[in-house]
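> need a structure here:
(2 chains)
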Amino acid sequence: GDSVTQMEGPVTLSEEAFLTINCTYTATGYPSLFWYVQYPGEGLQLLLKATKADDKGSNKGFEATYRKETTSFHLEKGSVQVSDSAVYFCAPPGGFKTIFGAGTRLFVKA
Amino acid sequence: KAGVTQTPRYLIKTRGQQVTLSCSPISGHRSVSWYQQTPGQGLQFLFEYFSETQRNKGNFPGRFSGRQFSNSRSEMNVSTLELGDSALYLCASSLGSGRGNEQFFGPGTRLTVL
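Residues are numbered from 1 along each chain as shown, chains lettered A, B, ... in the order given. As a prediction, this is how the structure comes out:
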């Protein structure tokens, strides 16, 4: 069956550090991957979408990219802030038993 | 446009009881999916409803059931609660069913079973 493998956390960074979180999935036919963020005590919010067509999604300073050489998706931010502390999930687009990655918890220290 | 709403936000029940959770999707959205989130298992898919029909079901026992009404609002029911059912239950709505549809999540209902 389909599976999603996401970089394990927690990831602890200092403010203004560079962030990268990786995600791969085994299913074929998905044209894109969604990144969601969950802040403490809240539900998931869609952060952005990456497609295999080398389109970089971007939102709130985050960028979602796909690397053909490793067939993996990446969530990146050049300079993280304390307010970015949250859990980040990757998932193929919704429907048909959406499978989420295990989530990567990010702690950003001031 | 109002987002996905879930009621109640917090719930405390005891073992053996049953519980019903409610989800109101974004206006115009016809698909509602339910997920269970626990620290140990992460996010697990429960089921998806589209136009009042269950389209897909995850690997949960029959104690977990759901339904969708003609206005797309959905309810989830858990009978004979067990301690392990303590979790954050999230619902997500989307315009359509199937791959490619962006899901919008509600804030969740935190269920604690004592």
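> Next, name the residue at the spatial heart of chain B.
Nearest residue to the geometric centre of chain B (CA atoms, centre = their mean): residue B:34, 3.1 Å.
> doesn't residue B:78 make contact with it?
No. Residue B:34 is beyond contact range of residue B:78, at 10.5 Å (criterion: CB atoms under 8 Å). Backbone N, C-alpha and C define where each C-beta goes, glycine included.
> what helix or strand does the closest residue in space to residue A:74 that isn't next to it in sequence sit in?
Excluding its sequence neighbours, the residue lying closest to residue A:74 (CB to CB, 6 or more residues apart in numbering or on different chains) is residue A:65, at 5.0 Å. Element membership for residue A:65 (DSSP states H and E) is strand A:62-67.
> Would you mind listing the buried residues in that strand?
Buried residues in strand A:62-67, counted by 16 or more other CB atoms under 10 Å in any protein chain shown: A:62-66.
> which outside residues touch it?
With contacts defined as CB atoms under 8 Å, 6 or more residues apart in numbering or on different chains, strand A:62-67 is touched by A:33, A:35, A:47-52, A:54, A:56-58, A:72-77.
> Would you mind listing where the chain has pLDDT under the threshold?
Using chain A. Chain A contains residues with pLDDT under 70 at A:1-2, A:26-31, A:52-55, A:93-98.
> That was the other one, I meant chain B.
Along chain B, segments meeting pLDDT under 70 span B:1, B:98-100.
> At the contact with chain A, which residues of it appear?
With CB under 8 Å from any CB of the partner chain as the criterion, chain B comes near chain A at residues B:4, B:6, B:31, B:33, B:35, B:42-43, B:45, B:48, B:55-56, B:58, B:90, B:92, B:94, B:96-108.
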